[in-house]
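*Asks:* take this sequence and fold it.
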Amino acid sequence: MMACDVGVGSKKNVFHLGLSGSSSRRTGVGRVSPPLRLTGFLLALLACLTAPLHAQSTSVTGVVGVSSQLVDRGVAITPDTPTFQGAVSWSSPAGWSFSLSGSSELRSPGRVVEATAEASRYWSLSADWQMQASLLYYSYPSTPSSRVYDRAETSVDWIYRDVLTFGVSAIHVFGGREHQPRGAADVDLHWPLPWNFSLSTGAGIAQSLVAPNSLYNYDKASFYRYGHTGMTWETGPWRVELDRILVERGARRYWGNLSASPWVATISRSF
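*Replies:* Next up is the predicted model:
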């Protein structure tokens, strides 16, 4: 179940350091805390991840990759430009896992456009079904306009044989005028095919984090629908993925430059 995964999806292409959640959820404000507080938390967690571990009881995995764009629930987090992504994850047989990830545009390698921290717990419900509960924190420190997406999410996913995933999320946004919780629901299918290929498709519905026509005002928690469909090829530690990003027409019309590119490609290597 535990795997690092740089992937494009309707939920988070953003890049997703996937422990197994729905790929369609995840990959792209007045802040409640300054960047240094987040930095200290990430450094402390990273120190825990890199401390000496017993190979028999815990594991550390990582992934690095490049995507053509960072997309989060159908919304473009970065321009249509190559983005470097990296992540590290620690997991235990008891079902606990912790992960950190970061992304930056290749043309501005020193500027982080997204950073995430995730803690999750996995349970086996039966021979076919598993469940995962996650707490995630997203930070977008690169520009004032992107910081409206800083948020915390609580998510619960149900997974059938690592093929079908259904998840629901409660979202708290730290920016904007309204701080009422938002909601989202996602379903994803990952179907193996011959010659190391697999089909990936997903759909979701979510409340807008900000008003469609303004980055700084939040007038109504309007719902919009999004999804993706694509193909993945994997060999050893390498993974190549091409996805068609789908967002309902009305949302694209109001978002303008926040609309994601119709196609997003990712190449990554796990270790």
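
*Asks:* what are the boundaries of the strands in the stretch 1-150 of the chain?
*Replies:* Using DSSP state E, counting those that start in this stretch, the strands assigned to the stretch 1-150 of the chain run over residues 59-67, 71-72, 75-76, 83-91, 96-105, 112-124, 129-139.

*Asks:* what are the buried residues along stretch 58-78?
*Replies:* Across stretch 58-78, burial judged by 16 or more other CB atoms under 10 Å covers 58, 61-65, 67-78. Where you see a C-beta, it was placed from the backbone N, CA and C, and this is true even at glycine.

*Asks:* whoops, stretch 78-89 was the one
*Replies:* 78, 83-89.

*Asks:* can you redo these as JSON lines with distance to Phe271 and pLDDT?
*Replies:* Compiled in JSON lines, the buried residues of stretch 78-89 are given as follows (distance: CB to CB, whole Å; pLDDT from 0 to 100):
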{"residue": "Thr78", "distance to Phe271": "24", "pLDDT": "81"}
{"residue": "Thr83", "distance to Phe271": "19", "pLDDT": "93"}
{"residue": "Phe84", "distance to Phe271": "15", "pLDDT": "94"}
{"residue": "Gln85", "distance to Phe271": "14", "pLDDT": "94"}
{"residue": "Gly86", "distance to Phe271": "10", "pLDDT": "94"}
{"residue": "Ala87", "distance to Phe271": "11", "pLDDT": "96"}
{"residue": "Val88", "distance to Phe271": "10", "pLDDT": "95"}
{"residue": "Ser89", "distance to Phe271": "11", "pLDDT": "95"}
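
*Asks:* surely Asp188 touches Thr201?
*Replies:* Yes: Asp188 is within contact range of Thr201, at 7.3 Å (criterion: CB atoms under 8 Å).

*Asks:* more crowded one of the two?
*Replies:* Using other CB atoms under 10 Å, the more surrounded residue of Asp188 and Thr201 is Asp188, with 26 against 21.

*Asks:* helix/strand/coil for the more buried one?
*Replies:* Recorded secondary structure, Asp188: strand (DSSP: H, G, I helix; E, B strand; the rest coil).

*Asks:* how many residues are close by Tyr149?
*Replies:* Tyr149 is flanked by 23 other residues according to other CB under 10 Å.

*Asks:* distance of it relative to Glu234?
*Replies:* Distance, Tyr149 to Glu234, using CB to CB, to the nearest Å: 30 Å.

*Asks:* same check, this time on Arg244
*Replies:* 19 Å.

*Asks:* spatially, what comes nearest to Ser120 if we skip its sequence neighbours?
*Replies:* Excluding the flanking residues, the one nearest Ser120 by CB to CB, 6 or more residues apart in numbering is Ser134, at 3.9 Å.

*Asks:* contacts only, for the one you found.
*Replies:* Going by CB atoms under 8 Å, 6 or more residues apart in numbering, Ser134 touches 19, 21, 118-121, 153-157.

*Asks:* distance of Ser67 from Asp80?
*Replies:* With the distance defined as CB to CB, Ser67 ends up 11 Å from Asp80.

*Asks:* Glu241 now?
*Replies:* For Glu241, the distance to Asp80 (CB to CB) stands at 17 Å.

*Asks:* Gln132 too?
*Replies:* Gln132 is 32 Å from Asp80, by CB to CB.

*Asks:* what's near enough to touch Ser208?
*Replies:* Going by CB under 8 Å, 6+ apart, the list of residues near Ser208 reads 182, 221-224.

*Asks:* once you drop chain neighbours, what's closest to Ile171?
*Replies:* Distance criterion CB to CB, 6+ apart; nearest residue to Ile171, sequence neighbours excluded, is Arg182 at 4.1 Å.

*Asks:* neighbour-wise, which of the contacts of Ser134 leads?
*Replies:* Sorting the contacts of Ser134 by how many neighbours each has (other CB under 10 Å) puts Gly21 first, at 30 neighbours.
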